[in-house]
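>>> Got a predicted model here, sequence first, then my questions.
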Amino acid sequence: MRRSVNRTQWITIAILAFITVASLAPCTTAMIQYQHQPGYEYSVYPLDSNRRQTLYVGGTGPNNYSKIQDAVDNASNGDSIYVYQGIYYEHVLLTKKVTLIGESRDQTKIDGGGTGNVIKIQADGVILTQFSLQHGGIGVYIVSSSNVSIIQNTILNNWEGIGLLASSQCLISGNIIAHNGFEGINPVQTTFTTISENTIIDHLQGIYLVESTDNTIFGNTLSSNSRGIEIEESSDNNNIFHNNFFASEEDNAYDICSNTWDDGYPSGGNYWDDYNGGDANHDGIGDTPYNIAGGAGNKDHYPLMSPWGHPPYQPSDPDPQNGTINVAVNPLLSVFVYDADQDTMTISFYDASTQQVIGVDVNVPSSTRASVTWNGLENNTEYSWYAVADDGTSTNQSETWEFTTGNGANQPPTTPTINGPTSGNAGQSYEYSFFTTDLDGVSIFYYINWGDSTNSGWIGPYQSGEHVNVSHTWTTRGTYTIKAKAKDMQNAESGWGTLNIKMPKSHTQMTLSFMHFFEKFFERFPHAFPILQYLYMVYERSR
């Protein structure tokens, strides 16, 4: 009896080892064939592709980290990392295609402590938005990467604001770059990159191009720099237009290469605060070109007579969110607003059904929120609204959003559903997904009882309708009941959702199921893997 058990164990291990080795060998298309049956579509994905998740930094609960780099290290390509407001003293290296999002541009800060790159990017497709990056050697350093987007950040008090080396097709837009010791933006050996709508203040060079070609620079405001833009070392075929140049100490622009400094007529070129020409026909474009310093004969042939104005961005990120139900009858309406020229704005809120003004918020700074209270609403009624931003020159209207008021009583979340393995082995970690929605559309917390005298405590907050993944390990064998409930921000609790599980699964059952698979496999492929068939025969004889 003892000999039979050992033989069975040995054969099982041998088969597992064989399959493990086989799985490590390179696969070819000749080894795997897929038969397409009429009426069916087959999709084959690598195990780790097309999976998208959001990791969190600075919060609590699963997928939360105390350091940004820890979240980056545990992320996969395509993941998003959301960073709650606070000051993070670290240097972040991005070598994966991730989206890094700050909760608040002015309140989510990464501080380099006076050394190193605050963020260094060495991966294609990275998106970085809504951060303040400060006190580093370089605020953001992009190296040998493409399709990187640096959008709506504040980058200040570094040695250099944004550096690019051997990179292409990047987007640097909507950033405030100020008081960095040398360059605001320094593309080196960089091509086909767009630098747009940035505010660049107080640098040796606002933008300094070196060995960089075929880039587009437009809509930026450069002020109080020694030189607004400087272009050197074979940096040709760049297009520069619709920028505003103010109060440069030495030159507004300096170019020893061959570049285009306007967008033709009637679109025009750039605004220069030291332009002395006239505008006889009052078309807003100077009658004589503006000469670019540097001796290469570059000219802005259509200089603008007044600063280039940008309309404010569409108001966004509404609160209440679109489609929210059970909203109070006197809700606070709120939107995020941004103006590339950093103008203060007047934000008007409208009832979309009547086109009447709900209220107006005045002197709202860029990159903040505007809000008004909508009083006098009725219960159980649907309302629609929108907001209009006005910077004194131009306006921009938001989308239209809807919400429905409640009956005056807060509703608890629905009972959570639990999905995951229902059997397994003690001592092994298993992941379970928890899901619920809140009828009021507010954030929720989960409490998980694992059935082994341990619990998660209240974790969160999470968005209503968000799938939350949590792992757990049972240390001893047994049958357990996972229980989970949810509560909203007003502490209204749901009922208990449950899932029964068993630890461990029978090893004997696993072995029999495993062998049954090979029995069916060899019936279909009688001549495949002769060594594997021999081991299977030995196993069968030993039973």
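The structure has been received and is ready for your questions. Numbers count the residues shown, from 1 in each chain.
>>> Can you pull out the low-pLDDT segments for this structure?
1-51, 505-543 (pLDDT under 70).
>>> Based on its surroundings, how many neighbours for the nearest residue to Ile151 once chain neighbours are set aside?
Closest residue to Ile151 apart from its sequence neighbours, by Cβ to Cβ, 6 or more residues apart in numbering: Thr129 at 4.6 Å. Heads up, the C-betas are built off the backbone N, CA and C, glycines and all. Residues contacting Thr129 under the criterion other Cβ atoms under 10 Å number 17.
>>> Need the residue closest to the centroid of this structure.
The centroid of the chain falls nearest to Thr99 when counting by Cα atoms, centre = their mean (3.0 Å).
>>> Could you give the bridge partners of it?
In this entry, Thr99 is beta-bridged to Ser80, Ile127, by DSSP bridges.
>>> likewise the one 10 residues further on?
With DSSP bridges as the criterion, Lys109 is bridged to Ile87, Ser132.
>>> residue contacts, it?
Neighbouring residues of Lys109 by Cβ atoms under 8 Å, 6 or more residues apart in numbering: 86-88, 131-134.
>>> Assess the claim that Ala293 and Asp255 are in contact.
Yes: contact criterion Cβ atoms under 8 Å: Ala293 and Asp255 qualify, at 7.5 Å.
>>> quick one: which of these two has more around it?
Per other Cβ under 10 Å, whichever of Ala293 and Asp255 has more neighbours is Asp255, with 24 against 15.
>>> OK, contacts around that one?
Contacts here follow Cβ under 8 Å, 6+ apart; on that basis Asp255 touches 229-231, 261, 292-294, 296, 298.
>>> So which of those are in strands?
Using DSSP state E, the members of those that fall within strands are 229-231.
>>> all helices for the chain, in order.
For the chain, helices defined by DSSP state H occupy the ranges 2-24, 68-74, 507-524, 530-542.
>>> chain center to the shortest one: distance?
Taking the mean C-alpha point of helix 68-74 and that of its whole chain, the gap between them comes to 14 Å (Cα atoms, centre = their mean, to the nearest Å).
>>> And the contacts of it?
With Cβ under 8 Å, 6+ apart as the test, helix 68-74 has contacts from 55-57, 65, 81, 83, 88, 90-94, 96, 98, 100, 110.
>>> Output that helix in PDB with nothing but the alpha carbons.
The C-alpha trace of helix 68-74 is given here as PDB (Å, rounded to 0.1, in the frame of the first residue of the first chain):
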ATOM      1  CA  ILE A  68       3.700  56.400  -5.400                       C
ATOM      2  CA  GLN A  69       6.700  54.200  -6.500                       C
ATOM      3  CA  ASP A  70       5.200  51.200  -4.700                       C
ATOM      4  CA  ALA A  71       2.000  51.500  -6.700                       C
ATOM      5  CA  VAL A  72       4.000  51.900  -9.900                       C
ATOM      6  CA  ASP A  73       6.000  48.800  -9.100                       C
ATOM      7  CA  ASN A  74       2.900  46.800  -8.600                       C
END
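>>> Can you give me the buried ones in that helix?
68, 71-72 (16 or more other Cβ atoms under 10 Å).
>>> got it, and stretch 137-157?
Residues of stretch 137-157 classed as buried: 137-143, 145-150, 152-157 (neighbour count, 16+ other Cβ under 10 Å).
>>> Filter these down to the ones in strands?
Among those, DSSP E puts 138-143, 149-150, 154-156 in strands.
>>> Could you give the number of residues near Met503?
Neighbour count for Met503, taken as other Cβ under 10 Å: 21.
>>> gap between it and Thr324?
41 Å (Cβ to Cβ, to the nearest Å).
>>> likewise Lys120?
To Thr324, Lys120 is 40 Å away according to Cβ to Cβ.
>>> ok, now Thr437?
Relative to Thr324, Thr437 is positioned 12 Å away (Cβ to Cβ).
>>> which one of those two has more residues nearby?
Between Thr437 and Thr324, counting by other Cβ under 10 Å, Thr324 is the more crowded of the two (21 against 16).
>>> Give me the buried subset of the contacts of Asp255.
Burial of those was assessed by neighbour count (16+ other Cβ under 10 Å); the buried members are 229-231, 261, 292, 294, 298.
>>> Distance to Ile217 for the ones in strands among the contacts of Asp255 - can I get that in TSV?
Converted to TSV, the ones in strands among the contacts of Asp255 look like this (distance: Cβ to Cβ, whole Å):
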residue	distance to Ile217
Ile229	7
Glu230	12
Ile231	10
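>>> Nearest residue to Thr368 in space, please, no chain neighbours.
What sits nearest to Thr368 in space, not counting adjacent residues and going by Cβ to Cβ, 6+ apart, is Val337, at 6.8 Å.
>>> The one you found: neighbouring residues, count only.
Val337: 26 neighbours (other Cβ under 10 Å).
>>> With Gly359 instead?
Gly359 has 15 neighbours, counted by other Cβ under 10 Å.
>>> ok, now how distant is the closest residue to it other than its chain neighbours from Asn396?
Nearest residue to Gly359, sequence neighbours excluded (Cβ to Cβ, 6+ apart): Val372, at 3.1 Å. Counting by Cβ to Cβ, the gap from Val372 to Asn396 is 18 Å.
>>> Ok, Asn410 next?
From Asn410 across to Asn396, the span is 35 Å (Cβ to Cβ).
>>> quick one: the strands in the stretch 351-500 of the chain?
Here the stretch 351-500 of the chain has its strands, by DSSP state E, counting those that start in this stretch, at 356-364, 368-373, 382-390, 395-397, 401-405, 417-419, 429-435, 444-449, 455-462, 468-473, 478-488, 497-503.
>>> With distance to Ser348 as extra columns, can I get those in JSON lines?
Putting the strands of the stretch 351-500 of the chain into JSON lines (distance: least, Cβ to Cβ, whole Å) gives the following:
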{"stretch": "strand 356-364", "distance to Ser348": "5"}
{"stretch": "strand 368-373", "distance to Ser348": "9"}
{"stretch": "strand 382-390", "distance to Ser348": "5"}
{"stretch": "strand 395-397", "distance to Ser348": "9"}
{"stretch": "strand 401-405", "distance to Ser348": "15"}
{"stretch": "strand 417-419", "distance to Ser348": "43"}
{"stretch": "strand 429-435", "distance to Ser348": "39"}
{"stretch": "strand 444-449", "distance to Ser348": "33"}
{"stretch": "strand 455-462", "distance to Ser348": "31"}
{"stretch": "strand 468-473", "distance to Ser348": "38"}
{"stretch": "strand 478-488", "distance to Ser348": "32"}
{"stretch": "strand 497-503", "distance to Ser348": "45"}
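>>> Kind regards, and thank you for your time.
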